[in-house]
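K.L.:
what's the 3D shape of this:
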Amino acid sequence: MEAVQGSATRVDIFCQAGSMVVPRQSPRLVEFLGSMVHEIRRPRPGRLFHPKLWLLRFDSSDSAPCFRFLALSRNLTLDRSWDLVLRLDGSESRRRNPGNDQLVRLIHALPGMTTTEVPGERAEGIGELANQVRRVEWEHPDDVNEIHLWAFGLGRTRRPDFSGYRKLVISPFLTEGGLDVVRADTRQADLSVVARSEEFDRLGAEAFADSTTHILDPVAEYEDEPDTPDRPPALSNLHAKMFVVERDKRAHVFVGSANATEAAFGGNVEILCELVGGHTKLGVGSILDDDTGMGVVLQPYQPRGSQPENEADALKWRLEEFLRSAAEVPLAAHVSPDHEHWRIQLLSGRDLPTTSDAIEFSLGPLNRPLERYPAEPGASVRQTLGPRSGADLTAFYILTARSLTTALRPVSCVVRAELIGAPESRLDEIVAEQINTPEKFLRFLLLLLGAEPDPTDWTHEARVGAAEFGAWQASVSGVFELLTTSLASRPETIDDLAGIVGRLQKTEQGRSILPAGWDDLWEAVMAARVRLGNPA
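P.N.:
Have a look, this model is predicted:
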């Protein structure tokens, strides 16, 4: 809880509106993420905000900031597909780095692409980060001599050069137009393609007459590892994206979010990182090598004939596109008091989109999965949600579209509404709900101050923790010793505890959870912490 609260003002997440997946369970602590999440409008219908990148600045009191950039093919999901991540670390220099120009342009553009306005302080922080990255020099990975960052979908920008005499495409999704972009002006180039078998089937053998085609070997994941209960789930299906071009005995490796599709190079917002080095180390042969490269997990694709387009898939895509259009409509959740509870009036900033398909459309709060309200395509949202506690107020809502003419599974997404008029105690009440008994508070105390095993060590015998917890349930006489030991050996843990205790003390329910005599003890602990040099 402390980690989530501490991150809320320092992390910004930009994502395609309509593409936030509905979780199986929705913990109340998700409300602390509300200020982090910014939904992005599509560049145009049929295209997506599709980049996958992390950009981080690490500050230090005794040294200059350092930066980390991750170019990924992976989304922020729990998907177990095969993916790629490229990590670059760097520091700020005195001169502008032209190779970062397109990344800087993308970061600067983000606040202007959102469905709702990004608050001023956050927008300023994002702009400051972009300006700093303009001068960052990245450390070169082994065998790399040059680094260039490419962003697509931001208007007229220079494209990377894909010309060459030998090429590799790794892409889960393919279109002929996308392959033509990579083929560039070298139609007869030696081309190898790694993709999903259904993509090869859909395009047909003629599209790859001049290519060598591969798919993932379905038995490659764990064939050399023992079958143990604690083994993580096997990887399945390809989601990695990489393009490799050889020319003039140099290899140009592109890693990032773009598939080999017309959408990727013709309207989507995407990011690619280009690494340049010698062809013997970074070229197609080294990457496909059967011993040291990814050749060990590949097998030749066996043509199965061209497959007709599935009408159900086409309808599912139309439903998803409608949902993305609906998710771009700004929502506001206006909170007003209702005796001892609160009501929410959910209003849209404009009418929902229309569709030619016969669908049923609904929305409801994320923290109450069974509470659903009908919504009419082409009309505005104006819905009052019944009385609820402050901890039950939410900024997150589920949109669902269901076909009325087929048995197709409904499609849903999560959207964030602007929460207006919510009580300041809302988040305090949520914290109090998580620690809602004296026993839970004592367990939390043990966990935070290190008296229990690390909860992330899931191999530890559960009975050990349970036994220790049972002892604390029986007696709280050790709380004083635990706190004084932490003051002497790890005073920073007292600072972490102070945030949660402060929130509990703000509500009547929270105060009832604290052990008898806690206030006097805690006052003495905080006084000692101040004398020891509390940074607060």
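
K.L.:
who's in contact with the residue nearest to residue 283 when sequence neighbours are not counted?
P.N.:
Closest residue to residue 283 apart from its sequence neighbours, by C-beta to C-beta, 6 or more residues apart in numbering: residue 251 at 4.3 Å. For glycine as for every other residue, the C-beta is placed from the backbone atoms N, C-alpha and C. The neighbours of residue 251, taking C-beta atoms under 8 Å, 6 or more residues apart in numbering as the test, are 244, 245, 276, 277, 278, 279, 281, 282, 283, 284.

K.L.:
Among the residues you listed, name the ones in strands.
P.N.:
The members of the contacts of residue 251 that map onto strands under DSSP state E are 244, 245, 276, 277, 278.

K.L.:
what are the bridge partners for the fourth one, then?
P.N.:
It refers to residue 277. residue 144, residue 251 (DSSP bridges).

K.L.:
If you tally nearby residues, what's the number for it?
P.N.:
For residue 277, the tally of surrounding residues (other C-beta atoms under 10 Å) stands at 19.

K.L.:
mind starting the numbering at 9 from now?
P.N.:
All right, first residue 9 from here; so that's residue 285.

K.L.:
pLDDT score for it?
P.N.:
What the model reports as pLDDT for residue 285 is 97.

K.L.:
Verify the stated contact: it with residue 155.
P.N.:
No: with contact defined as C-beta atoms under 8 Å, residue 285 does not count as touching residue 155 (10.1 Å).

K.L.:
Among the ones in strands among the contacts of residue 259, give me the pair with the biggest separation.
P.N.:
Within these, two members stand farthest from each other by C-beta to C-beta: 253 and 286, at 13.6 Å.

K.L.:
could you point out which element follows the lowest-mean-pLDDT helix or strand in the chain?
P.N.:
Lowest by mean pLDDT, DSSP states H and E among the helices and strands of the chain is helix 470-482, with a mean of 42. In the C-terminal direction, the helix or strand that comes right after helix 470-482 (DSSP states H and E) is helix 487-497.

K.L.:
average pLDDT for that next one?
P.N.:
On average, helix 487-497 scores 85.

K.L.:
Which residue is the nearest non-sequential neighbour of residue 138?
P.N.:
Once flanking residues are discounted, residue 138 sits nearest to residue 115: 3.8 Å by C-beta to C-beta, 6+ apart.

K.L.:
need the strands for the stretch 159-308 of the chain, in chain order.
P.N.:
Under the criterion DSSP state E, counting those that start in this stretch, the stretch 159-308 of the chain contains strands at 174-178, 198-202, 219-224, 250-255, 258-264, 278-286, 306-308.

K.L.:
Now do the second one: which elements does it pack against?
P.N.:
Packing partners of strand 198-202 (3 or more C-beta pairs under 8 Å, 6 or more residues apart in numbering; DSSP states H and E): strand 174-178, strand 219-224.

K.L.:
Kindly check the end-to-end length of stretch 425-436 for me.
P.N.:
End-to-end distance for stretch 425-436, by C-alpha to C-alpha, to the nearest Å: 20 Å.

K.L.:
just how off-centre is that stretch within its chain?
P.N.:
Put simply, stretch 425-436 sits 24 Å off its chain's centre (C-alpha atoms, centre = their mean, to the nearest Å).

K.L.:
contact partners of that stretch?
P.N.:
Outside stretch 425-436, the residues that touch it by C-beta under 8 Å, 6+ apart are 39-40, 42, 124, 338-344, 350, 354, 398-399, 401-405, 511-512, 514-515, 518.

K.L.:
element containing the residue nearest to residue 138?
P.N.:
Here residue 115 is assigned to helix 109-117, by DSSP H and E.

K.L.:
Need the residues that contact that helix.
P.N.:
59, 61, 63, 77, 134-135, 137-139, 141-142, 157-159, 162, 165, 277, 279.

K.L.:
now the helices for the stretch 109-258 of the chain?
P.N.:
Secondary structure of the stretch 109-258 of the chain (DSSP state H, counting those that start in this stretch): helices at 109-117, 128-141, 184-191, 205-211.
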